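>>> Structure for this input, please:
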Amino acid sequence: QVQLVESGGGLVQAGGSLRLSCAASGLTFSSYIMGWFRQAPGKEREFVATISWSGSSTNYGDSVKGRFTISRDNAKNTLYLQMNSLKPEDTAVYYCAAARGGRDWARPEYKYDYWGQGTQVTVSS
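Okay, the predicted model is just below:
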């Protein structure tokens, strides 16, 4: 079965950096677009970033543009999220997700097929 396993979360001070990873198995990784989402306590899930099948195209949520970078390594079946200049408002559980993708794959509201369990990111002020 499909498994997406996030790692790399933790506690960091404001202004610091973290790199999240998402290891995928049970699917042909290069045939799926991948995305990162986050959910803070009491808030709705928020789109963070998405990346195309080959990694040549990306899209970001407005709140993370210029600070976060999504990337993928299809040879390692792994998705990454480099997070720089972290702010306390970035505190959330971060989830990776996979979808077959289609014409509107880059839209924040695109529906994903598979989800990981999440990794906690906490940014202290």
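>>> what ranges do the strands span in this structure?
For the chain, strands defined by DSSP state E occupy the ranges 3-7, 10-13, 18-25, 33-39, 46-51, 58-60, 68-73, 78-83, 92-99, 114-115, 119-124.
>>> buried set for the second one?
Same thing as strand 10-13. Within strand 10-13, the residues scored as buried using 16 or more other Cβ atoms under 10 Å are V12. Quick note: C-beta positions are derived from backbone N, CA and C, even for glycine.
>>> Report the contact partners of the residue positioned nearest the centre of the chain.
Centroid-nearest residue in the chain: W36, 2.1 Å away (criterion: Cα atoms, centre = their mean). Going by Cβ atoms under 8 Å, 6 or more residues apart in numbering, W36 touches 20, 22, 48-50, 68, 70, 79, 81, 94-97.
>>> about what we covered before: if we compare the strands of the chain, which one ends up closest to W105?
Of all these, it is strand 33-39 that lies closest to W105, at 4.8 Å by Cβ to Cβ.
>>> Noted, bye for now.
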